[in-house]
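**Student:** have a look at this fold, sequence not included:
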């Protein structure tokens with residue numbers, strides 16, 4: 001394979017002539033596309049999100065920089081941030097000021113009052129200012145179709161690659177029931193219409209069949225989580241050509257570690273409910289023909305468990321199915337088919353080398369990237385540990 005100017009120029013079953021090129025022998029290892037995580041939160045550096053109220057933007061950015069280094073080390077050369085990361089951190093990576101994966105940012109996720117993105121305490125009308133509270137960078141409140149349109153336009157003005165909205169309750173939000181229906185059909189339609197006008201799309205936080213059907217029926221392209229999906233809502237998602245981005249590892253990690261890190265009993269109870277449906281949702285989507293992307297959705301110190309998602313999915317899917325979700329399907333979700341997630345001429349030279357065959361052993365993708373001798377993004381080595 002020949003890599004030049006950040007792209008894969010040639011792939012052949014014979015020697016390639018390229019005078020002056022640096023030759024690297026991979027020694028019988030497995031060369032594969034860089035991994036794609038379609039649901040991360042770089043700016044949510046605390047598991048108990050309320051703690052972000054005391055985190056200034058400078059510390060928020062520094063923590064995100066550390067998180068991105070870990071993401072790259074685990075072989076994820078591209079991520080989609082679904083609430084928090086903005087054009088500033090994206091430009092910092094693109095300009096080489098910070099090492100990190102390719103970023104597709106949503107800016108602030110949009111929520112109705114009292115919804116999954118409304119982080120206020122019951123006695124708190126809102127943040128006094130934005131200068132010292134990292135929590136305000138993750139979400140924005142908008143009620144009614146007109147306000148939603150304006151909020152969507154603002155996020156796109158701020159450089160969002162996609163728009164994130166809340167359509168059901170969530171685990172990490174304190175007051176909304178998991179099966180609550182949040183944005184109305186008219187509000188969802190306003191968001192999807194406005195995003196389409198700008199050449200963007202909408203992804204929706206949704207767990208229940210009712211929330212999924214409402215979102216998809218009003219133009220949402222990707223469903224985030226979807227743990228409680230049923231056959232009917234999966235069939236609708238498939239018929240509309242939509243995607244689901246599952247993320248199982250966050251719930252298992254929260255079950256094991258969240259109580260010690262400040263998550264309350266009510267949130268942990270909701271977490272148990274979505275764990276119960278997680279693996280089943282993958283089987284339902286496979287039967288319905290819904291393509292599922294790889295997502296982790298880990299917060300704060302749990303982000304180190306990003307690669308464990310491979311092992312959880314492997315309980316019901318084959319290794320090649322899971323790897324395709326983290327490469328080919330991820331590229332489709334990002335609208336980068338032919339440019340990401342493949343090893344073919346014309347694609348970005350985002351590559352990882354695996355010390356063994358991951359189709360036989362997904363554990364090779366664990367251990368914080370210890371079994372990845374090199375990691376390349378855009379033709380540049382982010383890690384090179386070959387002799």
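**Tutor:** Looks like it came in fine. No experiment lies behind these values; they were computed from the predicted model shown.

**Student:** in the top helix by length along the chain, what's buried?
**Tutor:** Among the elements of the chain assigned as helix by DSSP state H, the one spanning the most residues is helix 265-288. Residues of helix 265-288 classed as buried under the neighbour-count rule (16 or more other Cβ atoms under 10 Å) are 267, 270-271, 274-275, 277-279, 281-282, 284-285, 288. In short, each C-beta sits where N, CA and C put it, glycine included.

**Student:** cool, and stretch 107-115?
**Tutor:** Buried residues in stretch 107-115, defined by neighbour count with 16+ other Cβ under 10 Å: 107-112, 114-115.

**Student:** next one: stretch 200-212 to chain centre, how far?
**Tutor:** When C-alpha coordinates are averaged (Cα atoms, centre = their mean, to the nearest Å), stretch 200-212 and its chain have centres 14 Å apart.

**Student:** what is the end-to-end distance of that stretch?
**Tutor:** With Cα to Cα, to the nearest Å as the measure, the ends of stretch 200-212 fall 20 Å from one another.

**Student:** one more: stretch 227-235?
**Tutor:** For stretch 227-235, the first-to-last residue distance is 15 Å (Cα to Cα).

**Student:** re the thing from before, JSON lines for the buried residues of stretch 107-115, including secondary structure and pLDDT?
**Tutor:** What follows is the buried residues of stretch 107-115, written out as JSON lines (DSSP: H, G, I helix; E, B strand; the rest coil; pLDDT from 0 to 100):
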{"residue": "107", "secondary structure": "coil", "pLDDT": "97"}
{"residue": "108", "secondary structure": "coil", "pLDDT": "96"}
{"residue": "109", "secondary structure": "strand", "pLDDT": "97"}
{"residue": "110", "secondary structure": "strand", "pLDDT": "97"}
{"residue": "111", "secondary structure": "strand", "pLDDT": "96"}
{"residue": "112", "secondary structure": "coil", "pLDDT": "96"}
{"residue": "114", "secondary structure": "coil", "pLDDT": "89"}
{"residue": "115", "secondary structure": "coil", "pLDDT": "87"}
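
**Student:** rewinding a little: what helices and strands are in contact with the longest helix of the chain?
**Tutor:** helix 231-239, strand 243-246, helix 249-257, strand 291-294, helix 308-313 (3 or more Cβ pairs under 8 Å, 6 or more residues apart in numbering; DSSP states H and E).

**Student:** most packed of the ones you listed?
**Tutor:** Mean neighbour counts were taken over the helices and strands packed on helix 265-288 using mean count of other Cβ atoms under 10 Å, and the top value, a mean of 27, falls to strand 243-246.

**Student:** I would like the residues contacting that strand, please.
**Tutor:** Outside of strand 243-246, the residues that reach it under the criterion Cβ atoms under 8 Å, 6 or more residues apart in numbering are 38-39, 203, 221-227, 229, 237, 278, 281-282, 285, 290-295, 313, 329, 332-333.

**Student:** one step back: adding pLDDT and distance to residue 17, write the buried residues of helix 265-288 out as a markdown table.
**Tutor:** Below are those laid out as a markdown table (pLDDT from 0 to 100; distance: Cβ to Cβ, whole Å):
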| residue | pLDDT | distance to residue 17 |
| --- | --- | --- |
| 267 | 80 | 60 |
| 270 | 85 | 60 |
| 271 | 85 | 56 |
| 274 | 87 | 54 |
| 275 | 90 | 54 |
| 277 | 90 | 54 |
| 278 | 92 | 50 |
| 279 | 94 | 49 |
| 281 | 97 | 49 |
| 282 | 97 | 45 |
| 284 | 98 | 50 |
| 285 | 98 | 45 |
| 288 | 98 | 48 |
